[in-house]
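1. could you look at this predicted model? Sequence included:
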Amino acid sequence: MSKPTIIPIGPYHPLQEEPELFKLYCDGEIVRDIKWETGYNHRGIEKLSESKTFDQVFFLVERVCGICSTSHPFAFANCMEEIAGVEVPDRAKYIRTIIGEMERIHSHLLWVGLAGHFLGYNTVFMWSWKYREPVLDLFEMITGNRNSYAMFKIGGVRRDIPDNMIPVMQKELDALKLKLNLLTGAVMDDPVIHARTKGVGILTREDIIDFAAVGPTARASGVAIDVRKDDPYAAYPLVNWKVITSEAGDVFAKTEVRLLEMYESVSIIEQCLEKLKKEKEGGIDVRVKNVPEGIGTGRAEAPRGEVFHFVITDGGYTPVRHKIRAPSYVNIATFKKSCVGQSISDATISLAAVDPCYCCTERMAMAYDYHTRIAMMGTADLLRMSREKTDNIRSSL
Amino acid sequence: MMGKPEDIIKDLKGIFSIDILDDSIKSETRASIQIAEKALPEISKYFHEDLHFRFIIASALESKRGFEIYYHFSDDQTGCVINLHVILPTENPEIESLTALFEAANWMEREMHELLGINFLNHPNLEKLISEGNWAEGVYPYRKNYE
């Protein structure tokens, strides 16, 4: 390899929830190696958790991720209820499941929009973000917040879904299904999107097992793992739904899995609402007086994959050790496989395909490497190249 | 059919008899097994390649017993989570790396090395993962330093 061009993605935040720096070592247009640096925004949440009471930890872990802010409390609740040996009332299970699935819908819509944006399809971006808004409105109606819902506690949920809200939600879900049809049709039938995403950023079954990747990233490579099915929690074993998988392992397969998963989520929410109608209002929690000494593992399927919480307690009010593993931790490492050997213009969509959280603003600038004086490129250049490729394909069709 | 923690522990005791120090079954799908530190690569290999368990993550902490690491493995067919528990001495804690078995251990071992100062032998690249360039050398933020 002659002098490699280093293309940084980062550091203060390109595509991730937390600021991270990816350095793509390129030979011409082809990415030859990828190195990453993380920890620019390490908040020490695991350590901080050791100084909070169990009730406070819910609010803390809710802030681990800005987009899937209910999956961490969900996993933590599963974990603490395992230690305390608490059985949650059915009504609380349905409410938890509804919140978890609504979050999956809004998170997947957000991803589809951003994927469209990276490919130069700003119409897809605007559509899917527009369709995401009613879901956030429903969240506001149920929980009082568009995000960080503060719904979970040990033994149940904090707020009920009263009967008068159920028809409103059903109406909104019916409208959402039509919009999903429109969006799925637009994405799945577009020849340019096929050309840009098929065969790009492929992860094989072996890669998934080696990197222990989870969620839609694994399911798009034919590895049918889903905590909701494998280790059932909340109301998932009480409703009918199926795990969506695809075999190709490329960006298109990941898109397909996410789009089809939203239909399953709508179906799960509808079934839960039907069950809620049959139950009396109230009875959404049980009282938990103390948490005994022990260890617990709690899992929940976040929109991006399995969230894992491990807590050691000593009979007091705070965790002795609280380990959190977010799905992106294992999914991001797969970039080493999915990006190397690809052209730079495919790197942005390959990096985006595992859906690392993008809740910060993009900030990048043209820079020179301090030591080698090799020109570096910014996100703007990457996006421009990605969009130019789409335009070229579009005009040649 | 494999999958129940008691069957797994029974088989494990048959193969790695003296290396299994303790076990506790919490429920139908949860169990912890304390193993000898030198047997970790062999037992992990058995879980990963023979039983097809997925490595979830490892949790490390410092306690009065020394440095403890829980390696969490998941069976995605049955929903079973097995914690392999090793206890390392407070002085000079070191253990074999699992990166050769599965790439998923790479980042986690770097993180444990950085936060608790546990040394992972034969790790390909034990650089700092999260505090590169902004944290003092030889100071480990997650240590508790029991007297």
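-> All right, it came through fine.

2. for chain A, which helix is longest?
-> Across chain A, the longest stretch assigned as helix under DSSP state H is helix A:90-119.

3. and the helix or strand that comes right after it, how far from the chain's centre?
-> As assigned by DSSP states H and E, the chain's next helix or strand after helix A:90-119 is helix A:122-143. The chain centre lies 16 Å from the centre of helix A:122-143; the measure is Cα atoms, centre = their mean, to the nearest Å.

4. go on, stretch A:284-299?
-> 26 Å.

5. which of the residues in that stretch are buried?
-> The neighbour-count criterion (16 or more other Cβ atoms under 10 Å in any protein chain shown) identifies A:Ile284, A:Asp285, A:Val288, A:Val291, A:Gly294, A:Ile295, A:Gly296, A:Thr297, A:Gly298, A:Arg299 as the buried residues of stretch A:284-299. Where you see a C-beta, it was placed from the backbone N, CA and C, and this is true even at glycine.

6. please report the distance of the first one from chain B.
-> Distance from A:Ile284 to chain B, counting by Cβ to the nearest Cβ, to the nearest Å: 25 Å.

7. residues contacting that residue?
-> A:Pro89, A:Arg91, A:Ala92, A:Ile95, A:Gly156, A:Val157, A:Arg158, A:Arg159, A:Asp160 (Cβ atoms under 8 Å, 6 or more residues apart in numbering or on different chains).

8. okay, and the beta partners of the fifth one?
-> Right, the one you point to is A:Gly156. Counting by DSSP bridges, A:Gly156 is bridged to A:Lys153, A:Asp285.

9. correct me, but B:Ile118 touches B:Ile87?
-> No: at 11.6 Å, B:Ile118 does not count as touching B:Ile87 under the criterion of Cβ atoms under 8 Å.

10. ok, those two, which is more surrounded?
-> Shown here are B:Ile118 and B:Ile87; by other Cβ atoms under 10 Å in any protein chain shown, B:Ile118 has more neighbours (19 against 16).

11. contact partners for the more buried one?
-> B:Ala60, B:Phe67, B:Ile69, B:Leu88, B:Pro93, B:Glu94, B:Ile95, B:Met112.

12. got a pLDDT number for the last one?
-> Looking at B:Met112, its pLDDT is 92.

13. the helix or strand harbouring it and chain A, are they touching?
-> Element membership of B:Met112, judged by DSSP H and E, is helix B:105-116. Yes: interface with chain A: helix B:105-116 contributes B:Asn106, B:Trp107 (Cβ under 8 Å from any Cβ of the partner chain).

14. what's the closest non-adjacent residue to A:Glu256?
-> By the measure of Cβ to Cβ, 6 or more residues apart in numbering or on different chains, the closest residue to A:Glu256 outside its immediate chain neighbours is A:Ser246, 5.2 Å from it.

15. my read: the one you found touches A:Val223, true?
-> No: counting by Cβ under 8 Å, A:Ser246 does not reach A:Val223; the two are 10.5 Å apart.

16. looking at the two, which one has more neighbours?
-> Counted by other Cβ under 10 Å, A:Ser246 and A:Val223 do not tie: A:Val223 has more neighbours, with 21 against 18.

17. verify the stated contact: the more buried one with A:Thr204.
-> No: assessed by Cβ under 8 Å, A:Val223 is found out of contact with A:Thr204, at 10.0 Å.

18. gap between the helix or strand that contains B:Ile87 and the chain center?
-> Here B:Ile87 sits within strand B:80-88, counting by DSSP H and E. Distance of strand B:80-88 from its chain centroid, counting by Cα atoms, centre = their mean, is 6 Å.

19. go on, stretch A:260-269?
-> Mean-position distance between stretch A:260-269 and its chain equals 15 Å (Cα atoms, centre = their mean).

20. what's the answer for stretch A:194-207, then?
-> 19 Å.

21. and chain B, is it touching that?
-> No: Stretch A:194-207 lies apart from chain B when judged by Cβ under 8 Å from any Cβ; the minimum separation is 8.6 Å.

22. now do that stretch: distance from first to last residue.
-> With Cα to Cα, to the nearest Å as the measure, the first residue of stretch A:194-207 is 23 Å from its last.

23. in it, which residues are buried?
-> For stretch A:194-207, using 16+ other Cβ under 10 Å, the buried residues are A:Ala195, A:Arg196, A:Thr197, A:Val200, A:Gly201, A:Ile202, A:Leu203, A:Asp207.

24. make JSON lines out of those residues and add secondary structure and distance to A:Val57.
-> Conversion of the buried residues of stretch A:194-207 to JSON lines gives the following (DSSP: H, G, I helix; E, B strand; the rest coil; distance: Cβ to Cβ, whole Å):
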{"residue": "A:Ala195", "secondary structure": "helix", "distance to A:Val57": "47"}
{"residue": "A:Arg196", "secondary structure": "helix", "distance to A:Val57": "43"}
{"residue": "A:Thr197", "secondary structure": "helix", "distance to A:Val57": "39"}
{"residue": "A:Val200", "secondary structure": "coil", "distance to A:Val57": "40"}
{"residue": "A:Gly201", "secondary structure": "coil", "distance to A:Val57": "36"}
{"residue": "A:Ile202", "secondary structure": "coil", "distance to A:Val57": "39"}
{"residue": "A:Leu203", "secondary structure": "coil", "distance to A:Val57": "34"}
{"residue": "A:Asp207", "secondary structure": "helix", "distance to A:Val57": "34"}
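
25. which one of these sits closest to chain B?
-> Lowest distance from chain B to those (Cβ to the nearest Cβ) belongs to A:Asp207, with 8.6 Å.

26. contact partners for the closest one?
-> Contacts for A:Asp207 were tallied using Cβ under 8 Å, 6+ apart; they are A:Ala213, A:Ser221, A:Gly249, A:Thr334, A:Lys337, A:Ser338.
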